[in-house]
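Chemist: Below is the sequence, then the predicted model.
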Amino acid sequence: MTTGHRITIERSNRHVRVVHRDQVLAESDRPLVLRETGCPPRYYIPAEDVRLDLLTPSATHTYCPFKGTASYWSLPDAADLVWAYPDPKPDVAEIKDHLCFYEVDVT
């Protein structure tokens, strides 16, 4: 990691739920919370707890020098709503097979 930049990942026992227009897209009691310098905490949800059948893979890919290349998924009315790192960098390997949404309810 670059000096001054930090990423931590920890298991959370918080309940997370992702709803878009009254449709539950994900719900989990076993998310990971990723904290990164300069960014809000992000909850990464195991793929098994995400309604992948409702999402369509997007052509969008972005690159993070700390996490790797992200792939995105969309809904018909919400482009690139969710992302994941299929092959994350070794320092963040725990987020493999987890997806992250922009809007998450945490209880």
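Modeler: Looks like it arrived, so ask away.
Chemist: Residue 84 contacts residue 71, doesn't it?
Modeler: Yes - with contact defined as C-beta atoms under 8 Å, residue 84 reaches residue 71; the gap is 5.9 Å. (Glycine included, C-beta is placed from N, CA and C.)
Chemist: What's the first helix or strand after the helix or strand hosting residue 9?
Modeler: For residue 9, the host element (DSSP states H and E) is strand 7-11. Downstream of strand 7-11, the first helix or strand assigned by DSSP H and E is strand 16-20.
Chemist: Contacts made by the following helix or strand past that following strand with the rest, please.
Modeler: Heading C-terminal from strand 16-20, the first helix or strand you meet, by DSSP H and E, is strand 23-28. Contacts with strand 23-28, where a contact means C-beta atoms under 8 Å, 6 or more residues apart in numbering, come from 15-19, 45-46, 49-51, 54-55, 75, 81-82, 99, 101.
Chemist: what about the chain, any weak spots by pLDDT?
Modeler: Within the chain, the ranges that satisfy pLDDT under 70 run 1-3, 107.
Chemist: re earlier: residues contacting the strand holding residue 9, please?
Modeler: Strand 7-11 has contacts (C-beta under 8 Å, 6+ apart) with 1, 30-37, 44, 66-67, 91-92, 94-95.
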